[in-house]
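Engineer: kindly generate the corresponding structure for this input.
(one chain, ligands or ions: 2)
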Amino acid sequence: MTLQVSPQTKRVFHLSLPIFAELLLQLLVGNMDQFMISHFGSAAVAAIGNGNQVMNVVIIVLTTMSTAATILLTQHIGAGRVGKECSEIVTVAVTVSAVFSFLVGLFLLLEPELVFHLLRTPEDAFVGACLYTRIVGGTVLLQGLYIQLCAVLRSYTLLKEVVVLSVSMNLLNKGYVADDEIERFPGVTHQKGIHPVIECTQNIPCNPCQDACKKGCIRIGKNITSLPAIDPDKKCIGCGMCVASCSGQSIFLVEEDVEEGYGEVTMPYEFLPLPEVGDKGVALGRNGKYVCEAEVTKIRTAPAFDHTYLLTIKVPNDMVMKARFYKKEA
Ligand code: SF4
Ligand code: SF4
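Structural biologist: Ligands and ions are numbered 1, 2, ... in the order given. The predicted structure follows:
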């Protein structure tokens with residue numbers, strides 16, 4: 001018996017992947033707090049756990065509200081009634097979510113003790129749970145708007161934008177983009193030979209990287225707030241102009257197999273004194289933590305780099321997508 005996969009099934013499957021990624025990223029926001037706090041002991045973990053119970057209830061209510069908006073919007077869009085009616089639904093949905101989440105956030109900020117008395121939270125976790133809920137409760141408004149905006153974007157099948165929004169929330173929460181999240185951006189590709197890896201995650205009006213690449217490897221297009229993407233058909237020559245031109249220091253040049261088992265990462269470097277070729281140190285990741293040992297293989301500057309130095313380090317092949325800073329050994 002052969003299994004027939006209809007185009008409709010394939011479409012549903014492709015649509016579900018970004019939604020799965022979005023839900024995973026939403027879950028990570030709360031779990032990441034618990035992970036980060038784990039080294040403060042079991043009372044701190046219990047406090048975060050209690051706080052997250054309350055937040056989960058708030059998120060379920062917000063998600064239910066956003067589901068109602070999604071149902072109404074998809075009904076209207078499916079019936080071809082886009083325009084004024086859809087705008088009204090979006091306006092009402094976002095306003096109701098904003099007002100509700102503002103009031104809940106205010107309550108959690110001012111009176112979390114009431115909730116934890118009702119939940120009979122153990123004494124050793126009580127103070128921590130109140131403090132944590134005050135901190136995250138103060139951001140419920142942001143969470144409400146985020147959930148509602150995701151629902152609206154999803155209704156219009158703008159799924160790539162939903163994932164970008166989810167990653168941005170994690171970026172706000174953790175302060176850096178995780179290794180698995182960075183792979184979802186159009187500027188991050190894996191190629192043979194030297195090529196740019198663009199870790200630009202915000203839709204800001206900016207495009208010097210596109211102009212800097214005379215080989216046409218980087219595309220932003222007419223919409224200046226689009227994320228930079230890589231043109232896989234254009235060949236990068238490793239000139240470094242894109243790295244030096246990015247004021248966000250978001251561009252790296254990556255090349256695997258420069259020698260057996262080792263690759264190179266080129267990054268902008270603004271610290272003095274400059275390291276020297278042959279220096280040994282450590283490579284740090286996007287979170288500023290140790291990744292692996294590293295050796296400086298090149299330091300470049302040029303009038304066109306406008307006082308920016310490009311530092312190239314050699315690291316094991318499996319670290320070229322993780323090593324993003326160089327630190328000289330102490
Ligand atoms: S290194 Fe040079 S050729 Fe390669 S993407 Fe950057 S600007 Fe373009
Ligand atoms: S120059 Fe840097 S910050 Fe600006 S769009 Fe390009 S990669 Fe992003």
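Engineer: I220 touches S226, doesn't it?
Structural biologist: Yes: taking contacts as Cβ atoms under 8 Å, I220 lies within contact range of S226: 5.3 Å. Quick note: C-beta positions are derived from backbone N, CA and C, even for glycine.
Engineer: compare the two (neighbour count), which wins?
Structural biologist: Between I220 and S226, counting by other Cβ atoms under 10 Å, I220 is the more crowded of the two (20 against 15).
Engineer: tell me who's in contact with that one.
Structural biologist: Contacts for I220 (Cβ atoms under 8 Å, 6 or more residues apart in numbering) come out as N207, C209, Q210, S226, L227, P228, A229.
Engineer: the longest strand belonging to the chain near ligand 1 at all?
Structural biologist: Ordering each strand of the chain by length in residues (DSSP state E) puts strand 290-300 first. No: if you take Cβ under 6 Å from any ligand atom as the test, strand 290-300 misses ligand 1, and the best it gets is 11.1 Å.
Engineer: name the helices or strands packed onto that strand?
Structural biologist: Under the contact criterion of 3 or more Cβ pairs under 8 Å, 6 or more residues apart in numbering; DSSP states H and E, strand 290-300 touches strand 262-269, strand 280-284, strand 309-316.
Engineer: can you rerun that using 10 Å?
Structural biologist: Using 3 or more Cβ pairs under 10 Å, 6 or more residues apart in numbering; DSSP states H and E, the elements in contact with strand 290-300 are strand 262-269, strand 280-284, strand 309-316, strand 325-328.
Engineer: G138: neighbouring residues, count only.
Structural biologist: Residues lying near G138 (other Cβ under 10 Å) number 14.
Engineer: quick check: closest non-adjacent residue to Q53.
Structural biologist: L119 (7.4 Å; Cβ to Cβ, 6 or more residues apart in numbering).
Engineer: how close does the one you found get to A47?
Structural biologist: According to Cβ to Cβ, to the nearest Å, L119 and A47 sit 12 Å apart.
Engineer: need the residues touching each of the two.
Structural biologist: F126, A129 (Cβ atoms under 10 Å, 6 or more residues apart in numbering).
Engineer: which of the two has more neighbours?
Structural biologist: It is A47, of L119 and A47, that has more neighbours when counted by other Cβ under 10 Å, with 27 against 13.
Engineer: enumerate the beta-bridge partners assigned to the residue of the stretch 51-200 of the chain found nearest ligand 1.
Structural biologist: Nearest residue of the stretch 51-200 of the chain to ligand 1 (Cβ to the nearest ligand atom) works out as P196 at 4.1 Å. When assigned by DSSP bridges, P196 has beta-bridge partners L253.
Engineer: okay, now L73: neighbour count?
Structural biologist: So L73, with other Cβ under 10 Å, has 21 neighbours.
Engineer: oh, I was asking about L103
Structural biologist: Using other Cβ under 10 Å, L103 is surrounded by 12 other residues.
Engineer: pLDDT at it, what is it?
Structural biologist: On pLDDT, L103 comes in at 91.
Engineer: wait, it touches V140, no?
Structural biologist: Yes: with contact defined as Cβ atoms under 10 Å, L103 counts as touching V140 (9.0 Å).
Engineer: looking at it, the residue nearest to Q53 is touching C130, isn't it?
Structural biologist: No: in this structure, L119 is not within contact of C130 by Cβ under 10 Å, at 11.2 Å.
Engineer: what sits in contact with each of these two?
Structural biologist: Common neighbours of L119 and C130 are listed as N50 (criterion: Cβ under 10 Å, 6+ apart).
Engineer: biggest helix in this protein by residues?
Structural biologist: Taking DSSP state H as the criterion, the chain has its longest helix at helix 42-78.
Engineer: of all the residues in that helix, which ones are buried?
Structural biologist: Residues 43-52, 54-55, 58-59, 61-63, 65-66, 69-70, 72-73, 76-77 are the ones in helix 42-78 that count as buried (16 or more other Cβ atoms under 10 Å).
Engineer: tell me the helix or strand right after that helix.
Structural biologist: helix 84-110 (DSSP states H and E).
Engineer: from the chain's centroid, how far away is that next one?
Structural biologist: 24 Å (Cα atoms, centre = their mean, to the nearest Å).
Engineer: before we move on, what about stretch 231-242?
Structural biologist: Relative to the centre of its chain, stretch 231-242 is centred 24 Å away, using Cα atoms, centre = their mean.
Engineer: and that stretch, C-alpha only, in PDB?
Structural biologist: In PDB, the C-alpha atoms belonging to stretch 231-242 read as follows (Å, rounded to 0.1, in the frame of the first residue of the first chain):
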ATOM      1  CA  ASP A 231      22.800  34.800  -2.200                       C
ATOM      2  CA  PRO A 232      24.200  31.300  -2.500                       C
ATOM      3  CA  ASP A 233      25.000  31.800  -6.200                       C
ATOM      4  CA  LYS A 234      27.500  34.600  -5.600                       C
ATOM      5  CA  LYS A 235      31.000  33.800  -4.500                       C
ATOM      6  CA  CYS A 236      32.500  35.500  -1.500                       C
ATOM      7  CA  ILE A 237      36.200  36.400  -1.800                       C
ATOM      8  CA  GLY A 238      36.700  37.100   1.900                       C
ATOM      9  CA  CYS A 239      37.600  40.700   1.400                       C
ATOM     10  CA  GLY A 240      36.000  41.600   4.800                       C
ATOM     11  CA  MET A 241      34.300  44.800   3.700                       C
ATOM     12  CA  CYS A 242      30.900  43.500   5.000                       C
END
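Engineer: sounds good, over and out.
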